[in-house]
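**Student:** Model the structure of this input:
(2 chains)
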Amino acid sequence: MSTIPIDHRTSALSEILTRNQAELAADWVQEMSGAIRRSDLMKDTELRAQCVQFLSLMKQALDTGGTNFNSGAWDPVREMLGKISRTRAEQGFTPAETAMFVFSAKRPLFSQLRQACKNDAAALAAETWAATELLDSMGLYTTEVYQKSREAIIKRQQEELLELSTPVVKLWDGILALPIIGTLDSARTQVVMESLLEAIVQTNSRVAIIDITGVPTVDTVVAQHLLKTITAARLMGADCIISGVRPQIAQTIVHLGINLQDVTTKATLAAAFKIALERVGLNLAREAAKTEHLKP
Amino acid sequence: MEKIPILKMGGFLLVTIQVDMHDQLAMALQDDLTQMISQTEARGVLIDISSLEIVDSFIGRMLANIAAMSRVLDAQTVVVGMQPAVAITLVELGLSLPGVRTALNVDAGMDVLRSSVNGARGIYDGRIH
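**Tutor:** Purely as a prediction, here's the structure:
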């Protein structure tokens, strides 16, 4: 195979791409419609346009860069494949369906090659090999990009989840509440701490209630994270109250020997809110309550 | 040379740190402030660090020291306006500044001083109004 000059190999491929592009594209779309067509996710015209554009890009790359997919001449093709993979990952195609976009070009391309090298078996084998190699590396590239964009999506969702899971709510003028749902790890504590402290500055709040009703277990690490947050808030001039301490968690805290002496703890958010109101100098009375909460 | 001004406001001293604190500046502030407290017999010191964006362990310890020294000289110290980033840094450094009172802003800090230093209240109100 090494005896066949490179320009010969590429010329047959590129010739086919030039001369029979329309036919090739039609065959290709046909091929795809069999196994992996997802008409629910993508329009026919769009797919056809992609095929035609891809073939012409491939032709240009072949003419300038040969069959070496890693060379710079293939950059536009790579770019297009990357774009296709990314959009398909977002649209919900499976990895196989995405890669088949490239692999399904094999049959039409090879049959064209067969016609082009009818009488030359050695040339046909060489052409086929070169085309296979090229299409394989393109297919692998699509899968790689697909995987990467999937990972990016997962990462983004993780971050969004992290943001969503730590809302800081304002209960009253000068009183914030931070309901924590789920286990507190270091990364989350950092987000919790930052969003709480930012909210304290923004709303000028003197009291912050950290509600741990939704925290399944409190171990030494979680307790330490909580204490850090409380200390940071205190440094800024805000008081923290921990609420939602369940009986089991109270037992665990004592058994673990965690010192929460300097922290005000309450069993329920309501009790904590009452204390918070007292600290900012407010008083809720039953009669006044009706008119009080109608005020802005 | 840079110098952090110490303002006398009624019976209290007001220190606003508006430049990056370096060690020498912090030492100078400590000297000046203790001097001022004993001169003016102030009962309260309010340190506004709302413009301070960078702290290290030395500055953190300095704040605690100033508070302790003031207490020895019979003056309450309130640190106000600490930025979230600064608070997080101090906590991570293990400096929780025990014994230092804190408040959200100068307004709240003044309230703290006024309510804790009963004796100074009359003097303060008398001069302001």
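**Student:** Report the closest residue of the stretch 101-250 of chain A relative to chain B.
**Tutor:** Per CB to the nearest CB, A:Leu197 is where the stretch 101-250 of chain A lies closest to chain B, at 3.3 Å. Heads up, the C-betas are built off the backbone N, CA and C, glycines and all.
**Student:** Pull the contacting residues for that residue.
**Tutor:** Each residue near A:Leu197 by CB atoms under 8 Å, 6 or more residues apart in numbering or on different chains is listed here: A:232-233, A:236, B:84, B:87-88.
**Student:** Helix, strand, or coil at it?
**Tutor:** helix (DSSP: H, G, I helix; E, B strand; the rest coil).
**Student:** The closest residue to A:Gly244 other than its chain neighbours: what secondary structure?
**Tutor:** Excluding its sequence neighbours, the residue lying closest to A:Gly244 (CB to CB, 6 or more residues apart in numbering or on different chains) is A:Thr213, at 3.3 Å. Three-state call for A:Thr213 (three-state DSSP): strand.
**Student:** Just the pLDDT at A:Thr213, thanks.
**Tutor:** For A:Thr213, the pLDDT comes out at 89.
**Student:** That one and A:Lys266: what is the separation?
**Tutor:** 11 Å (CB to CB, to the nearest Å).
**Student:** what does A:Gly174 give?
**Tutor:** 18 Å.
**Student:** Also B:Pro84?
**Tutor:** From B:Pro84 over to A:Lys266 (counting by CB to CB), the distance is 25 Å.
**Student:** Also B:Ser70?
**Tutor:** B:Ser70 sits at a distance of 34 Å from A:Lys266 (criterion: CB to CB).
**Student:** near chain B, which residues of chain A?
**Tutor:** A:193-194, A:197-198, A:200-201, A:204-206, A:228, A:231-238 (CB under 8 Å from any CB of the partner chain).
**Student:** which of those are buried?
**Tutor:** The neighbour count (16 or more other CB atoms under 10 Å in any protein chain shown) marks A:193-194, A:197, A:200-201, A:205-206, A:228, A:231-238 as buried among these.
**Student:** now, which of the residues you listed sits nearest A:Arg150?
**Tutor:** A:Glu194 (28.6 Å; CB to CB).
**Student:** quick one: secondary structure of that closest one?
**Tutor:** Going by three-state DSSP: A:Glu194 is helix.
**Student:** Grab the nearest non-local neighbour of it.
**Tutor:** Counting by CB to CB, 6+ apart, the residue nearest A:Glu194 is B:Pro84, at 6.5 Å.
**Student:** got it, and A:Arg150?
**Tutor:** A:Ala89 (5.2 Å).
**Student:** distance of the one you found from chain B?
**Tutor:** A:Ala89 sits 37 Å away from chain B, going by CB to the nearest CB, to the nearest Å.
**Student:** give me the number of residues near that residue?
**Tutor:** Neighbour count for A:Ala89, taken as other CB atoms under 10 Å in any protein chain shown: 22.
**Student:** And for A:Val168?
**Tutor:** A:Val168: 19 neighbours (other CB under 10 Å).
**Student:** For the one helix or strand A:Gln147 maps to, name the packing helices and strands.
**Tutor:** Assigned by DSSP states H and E, A:Gln147 belongs to helix A:121-164. Here helix A:121-164 touches helix A:6-19, helix A:75-91, helix A:95-103, helix A:106-116, helix A:186-203, going by 3 or more CB pairs under 8 Å, 6 or more residues apart in numbering or on different chains; DSSP states H and E.
**Student:** Since that was my last question, I'll sign off now.
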